[in-house]
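J.: pasting the structure only:
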């Protein structure tokens, strides 16, 4: 039994009555008032009543509807309480699904028990009993109950005008059996609306069928039994989408309507139920059953003529009829004619399902006008439902999806902000609803991609985690939730560089793939997502197993996306990209050949006029250029140049991919690379990549503008990057080459031989790390040869210069020329150490120059050194 909120029993001073009893006085409940009785209900009740138990006595109030503006139900039935203040009183509030004869008790909303003294104290002080939400519910029906009592003389003439509550007598066995079976059926329906388990519906149908079989046609509850069975069967048809099976519940409702003619208390509600069932059959079968729609509209109009304009039933009938007219293309009544709802809310299955169907149509077709109308319909409809009610939350959730869809198609940022605002409200109302959490998280991720605020992404991941935890394994949406969380984690990895995010993303993609075996409509998407994440990890960590697995998944995805599939060209490009990545790592020309083959096919699928035609041309041209460098076939280079020319012609001036060499662009690029480096501090997995990117941009600006500071900084960043890519790192050889190239450039700029020596050393090491066949092997050979030739030319130039200075000295006799010649010969000798093929020539040249200086200045030291070098230059075996 559910208890009210915690409270303390009052003292006798608080009650102003005797602790044992009220001698000679009557204690009477004169009014019961329950707030928010309809909030959160999944079904449309006809009314509400209260049962009061005192010992073996049982009283039942009248069955009253809820006030549509306040959401409050009131009962003024008189119920006598015992004078013993310690006597326990049990009070239960029920929702009833009939106003006339009822079978069973209906749906129990709340139950509490307390002594008479407590009821009396609360009544005198207008202190209601407050209820918290039920387990696993955020909003529960009946949030509080207020009990009004009076203590009066036995005559109590002032109360004679109020009706007494009905005293419930014990039922016979057959009636009790019918009531119990009916309650069992309603209990199964209650649980079905909470967990959506089809088995609950099946059990409810069995229970209600049992009641119909045992309730003869002359029984006053026969129409109720038929109505309950019709309701359960109709709900089952809706859940299964079995429109062909709707004949049976419609036939049952027609029998019920016959047994409830005009004037029957449940006549109007039966009109609505039959009208909704007919409209559902019309929706499922279309033009075959146009008569259903006509009959339904007539029934709904008759119900509107019966219900008061401000009742919930009137609002339900109005909305269903209005939506029916809209679907048929007739003139829809103005929404402002519909009275505003109060705090009561319940489900309108047909109408809300139709809105959901319209949303699915908008997702499939890009119809801006229809999408605008759908969003306005959701906004308008939400005004007619109480905030935090079940239908209101469903509409909120659908509105979030619709607004995000319009943002993605039209780019209006205010739509995305509004979607996020609705998401926050909905998650506060239903924090344990996985669908709402998932959609809200998607909107936050979208805004992160637009604005880059990491807080949005962190919050999105948090909601994706919660949604995944709430979505049970085995649910058809479980794999989708795994994929959404994995995608958000991959995005955060690219933002923050925490490898744990990437590892977790791969784990979730693997699990999602297991739940989407071959034949599942999303299998190829899961394969592609997992392959992309593995490729990313390979580029970070260099584990060849990752790229091998990625290629395997891309191949399988391509097989599942044959020619004609909308994602066929994307799969071709993805596989080609992965093969190219492995080629750069392992140097197998077969990977490059296959990549080119796939890129050719992709280009054929993107003919001239396709938005990605120029990009596809560039991709193929780049791959052909690489193969030319690898194999030297001039045809590859010619074709590559042709494709690059065509791509350039398709990108007129102003196109984002048409580069014109604007210095401002280069300066801005360097600025952005600096910012990226600051956002990727030491320890970030992309720190070294940012260092390399900044260094490359600075080197480019040095070549353009000649500022040596740019080259110095570039070398500094290349050195740091090399330290972060030690031997064994997949990009170690590339980093060696980058530093060596920059040092060679600095040597040509400043002439410091140490730079050239270090460049040659790094080129040698890089070449040793590149096995034969590696795509950069030929480039490394060329770079090393160029550096060695530069060193050779430097030595030859020194020697030539020194000889020229010596000859001018002989002609003109300027001692400065001789001094400089000797200096250059000494430098050349240092660059040609012992073992160098020109070492002896340099010794001889220096000796000759020193001898001439001795002849001019008569310094014996010059002659001694000249003799020493001359003797050293003579081979020992001469």
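T.: Nice, I can see it. Treat the numbers as computed from the prediction; the structure is a model and nothing was measured. Residues are numbered from 1 along each chain as shown.
J.: surely residue 517 meets residue 527?
T.: No: the pair residue 517 and residue 527 does not pass the contact test of Cβ atoms under 8 Å, sitting 10.9 Å apart. Every C-beta, even on glycine, is put in place using the N, C-alpha and C of the backbone.
J.: When those two are compared, which one has more neighbours?
T.: residue 527 (27 against 9; other Cβ atoms under 10 Å).
J.: next structured bit after whatever helix or strand the more buried one lives in?
T.: Using DSSP states H and E, residue 527 sits within helix 523-541. Next helix or strand after helix 523-541 toward the C-terminus (DSSP H and E): helix 544-560.
J.: tell me the mean pLDDT over the helix or strand just after that next one?
T.: Sequence order places helix 568-586 as the next helix or strand after helix 544-560, per DSSP H and E. Averaging pLDDT along helix 568-586 gives 88.
J.: helices and strands around the next helix or strand after helix 568-586, which ones?
T.: Note on helix 568-586: by DSSP H and E, the next helix or strand toward the C-terminus is helix 589-604. In terms of contacts (3 or more Cβ pairs under 8 Å, 6 or more residues apart in numbering; DSSP states H and E), helix 589-604 is packed against helix 568-586, helix 613-631.
J.: got JSON lines for those helices, with mean neighbour count and distance to residue 396 too?
T.: Below are the helices and strands packed on helix 589-604 laid out as JSON lines (neighbours: other Cβ atoms under 10 Å; distance: least, Cβ to Cβ, whole Å):
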{"stretch": "helix 568-586", "mean neighbour count": "21", "distance to residue 396": "34"}
{"stretch": "helix 613-631", "mean neighbour count": "20", "distance to residue 396": "40"}
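J.: Of those helices, which is nearest residue 183?
T.: helix 568-586 (56.3 Å; Cβ to Cβ).
J.: Which strands and helices lie in contact with the closest one?
T.: Using 3+ Cβ pairs under 8 Å, 6+ apart, helix 568-586 is in contact with helix 523-541, helix 544-560, helix 589-604, helix 613-631.
J.: and the angle from that helix to helix 544-560?
T.: Helix 568-586 and helix 544-560 are oriented at 160 degrees to each other (axes from the mean of the first three to the mean of the last three Cα atoms, to 10 degrees).
J.: Quick one: distance of helix 568-586 to the chain centre.
T.: Computed by Cα atoms, centre = their mean, to the nearest Å, the chain-centroid distance of helix 568-586 equals 26 Å.
J.: got the angle for it vs helix 613-631?
T.: Using the same axes, to 10 degrees: helix 568-586 against helix 613-631 is 30 degrees.
J.: change the start of the numbering to 10 and stick with it
T.: Right, with 10 as the first residue, what we last looked at is helix 577-595.
J.: Give me the angle between helix 577-595 and helix 598-613.
T.: Using the same axes, to 10 degrees: helix 577-595 against helix 598-613 is 160 degrees.
J.: tell me the SS of residue 103?
T.: strand (DSSP: H, G, I helix; E, B strand; the rest coil).
J.: Also residue 271?
T.: Strictly by three-state DSSP, residue 271 counts as coil.
J.: What's the local residue count around it?
T.: 9.
J.: now do the one 4 residues further on
T.: Residue neighbour count, defined by other Cβ under 10 Å, stands at 23 for residue 275.
J.: nearest residue to residue 752 other than its sequence neighbours?
T.: In space, and not counting its chain neighbours, residue 752 is closest to residue 768: 4.0 Å by Cβ to Cβ, 6 or more residues apart in numbering.
J.: now that neighbour: how far from residue 761?
T.: As judged by Cβ to Cβ, to the nearest Å, residue 768 and residue 761 stand 11 Å apart.
J.: Neighbour count: the two, which is higher?
T.: Set residue 768 next to residue 761 and count neighbours by other Cβ under 10 Å: residue 768 wins out with 28 against 12.
J.: need the contact list for that one.
T.: 748, 749, 750, 752, 753, 756, 796 (Cβ atoms under 8 Å, 6 or more residues apart in numbering).
J.: Any chance of the residues you listed in JSON lines with secondary structure and pLDDT as columns?
T.: Formatted as JSON lines, these follow (DSSP: H, G, I helix; E, B strand; the rest coil; pLDDT from 0 to 100):
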{"residue": "748", "secondary structure": "helix", "pLDDT": "85"}
{"residue": "749", "secondary structure": "helix", "pLDDT": "80"}
{"residue": "750", "secondary structure": "helix", "pLDDT": "82"}
{"residue": "752", "secondary structure": "helix", "pLDDT": "82"}
{"residue": "753", "secondary structure": "helix", "pLDDT": "77"}
{"residue": "756", "secondary structure": "helix", "pLDDT": "75"}
{"residue": "796", "secondary structure": "helix", "pLDDT": "58"}
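J.: helix or strand for the residue lying closest to residue 535 once chain neighbours are set aside, which one?
T.: Of all residues not flanking residue 535 in the chain, residue 522 sits nearest, at 4.3 Å (Cβ to Cβ, 6+ apart). Element membership of residue 522 [criterion: DSSP H and E] is helix 508-523.
J.: Which strands or helices does that helix pack on?
T.: Helix 508-523 packs on helix 487-505, helix 532-550, going by 3+ Cβ pairs under 8 Å, 6+ apart.
J.: need these in a markdown table with distance to residue 95 and mean pLDDT, can you?
T.: Shown next, in a markdown table, are the helices and strands packed on helix 508-523 (distance: least, Cβ to Cβ, whole Å; pLDDT from 0 to 100):
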| stretch | distance to residue 95 | mean pLDDT |
| --- | --- | --- |
| helix 487-505 | 54 | 90 |
| helix 532-550 | 66 | 90 |
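J.: Make JSON lines out of those helices and add distance to residue 435.
T.: Below are the helices and strands packed on helix 508-523 laid out as JSON lines (distance: least, Cβ to Cβ, whole Å):
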{"stretch": "helix 487-505", "distance to residue 435": "17"}
{"stretch": "helix 532-550", "distance to residue 435": "27"}
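J.: Point out the one among those helices that comes closest to residue 876.
T.: With Cβ to Cβ as the measure, helix 532-550 is the member of these nearest residue 876 (63.1 Å).
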